[in-house]
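Visitor: Sequence and predicted model, in that order:
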Amino acid sequence: MKLQVAMDVATLEEALTLSRQVADHVDIIELGTPLIKHEGIAAVSAIKAAHPEKEVFADMKTADAGELEAGIAFVAGADYVTVMGAADDDTIRGAVKSAQEHGKQIVADMITVKDRAARARAVTELGVAFCEIHAGLDEQAQEGYSIQTVIDDGKASGVPFSIAGGVDIDSIRDVQAAGATVAVAGGSIRNADDPAAAAKELRGAITS
């Protein structure tokens with residue numbers, strides 16, 4: 001299982017600082033949607049230039065014009081681009097077409113999807129590399145939220161998936177045991193007193 005850091009920060013300066021702190025301990029560096037919106041697609045190029053040995057994940061959350069938007073991110077240096085799992089099938093097909101042309105990968109983000117497991121199976125047939133079974137920040141803030149919900153949905157999907165939505169040292173082993181391809185850690189790394197140590201601890205919890 002790969003470890004992905006979600007850099008949900010607003011500025012490129014913050015992103016470069018965080019990525020330099022944790023790069024030795026993660027496989028994939030994600031530029032969060034707020035960062036891309038604030039800094040533009042050039043932020044993807046900047047992170048890739050700073051960490052050419054790492055896979056770069058552009059969380060575009062594309063909902064339309066899949067081929068066009070994915071192509072923009074791939075040219076900028078992204079290895080993975082997200083398209084909304086709730087988007088039209090043709091949007092997802094277009095994004096997948098772009099990924100195939102660039103030798104890269106599309107990830108379908110299941111945020112806001114009601115039946116995440118069923119939709120994950122459907123979009124996998126459209127050619128996405130894997131599905132991100134994702135509870136967003138607003139969902140996580142709701143009373144009674146548990147990451148076990150998304151872990152169970154990922155396991156039930158029966159297709160390659162990642163988990164995002166509160167991955168930390170207490171849950172990462174359960175994420176791996178469920179069969180996830182990638183564990184996405186955001187706040188548990190970003191908000192730690194020592195992000196590098198937090199990322200290293202998560203890495204250490206992943207068994208080979």
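Guide: Yes, it's here.

Visitor: Pretty sure Cys131 sits in a helix.
Guide: No: according to DSSP: H, G, I helix; E, B strand; the rest coil, Cys131 belongs to no helix; its state is strand.

Visitor: Kindly state the beta-bridge partners for it.
Guide: Legend: beta-bridge partners of Cys131 under DSSP bridges are Ala108, Phe161.

Visitor: what separates it from Thr17, distance-wise?
Guide: 30 Å (CB to CB, to the nearest Å). In short, each C-beta sits where N, CA and C put it, glycine included.

Visitor: what are the phi and psi values for Lys104?
Guide: phi -120, psi -170 (degrees, to the nearest 10).

Visitor: count of residues packed around the residue nearest to it when sequence neighbours are not counted?
Guide: Nearest residue to Lys104, sequence neighbours excluded (CB to CB, 6 or more residues apart in numbering): Phe74, at 5.0 Å. For Phe74, the count of nearby residues is 23 (other CB atoms under 10 Å).

Visitor: do Gly204 as well
Guide: Neighbour number of Gly204 under other CB under 10 Å is 11.

Visitor: And for Thr112?
Guide: Thr112: 14 neighbours (other CB under 10 Å).

Visitor: Then the one 4 residues further on?
Guide: Counted with other CB under 10 Å, the burial measure for Arg116 works out to 25 neighbours.

Visitor: Can you give me the separation between it and Gly158?
Guide: 12 Å.

Visitor: Show the secondary-structure elements that the strand or helix carrying Ile151 is packed against.
Guide: Using DSSP states H and E, the secondary-structure element containing Ile151 is helix 148-157. Applying 3 or more CB pairs under 8 Å, 6 or more residues apart in numbering; DSSP states H and E, we find helix 148-157 packed against helix 116-124, strand 130-134, strand 161-164, helix 172-177.

Visitor: please redo it, this time with the cut-off set to 6 Å
Guide: helix 116-124, strand 130-134, strand 161-164 (3 or more CB pairs under 6 Å, 6 or more residues apart in numbering; DSSP states H and E).

Visitor: angle of the first one against helix 148-157?
Guide: Think helix 116-124. 50 degrees (axes from the mean of the first three to the mean of the last three CA atoms, to 10 degrees).

Visitor: mind listing what's buried in helix 116-124?
Guide: Neighbour-count burial for helix 116-124, with 16 or more other CB atoms under 10 Å as criterion, is recorded at Arg116, Ala117, Arg119, Ala120, Ala122, Val123, Thr124.

Visitor: Could you do stretch 64-77 as well?
Guide: Gly66, Glu67, Glu69, Ala70, Gly71, Ile72, Ala73, Phe74, Ala76, Gly77.

Visitor: just stretch 4-12 next, same as before
Guide: Gln4, Val5, Ala6, Met7, Asp8, Val9, Leu12.
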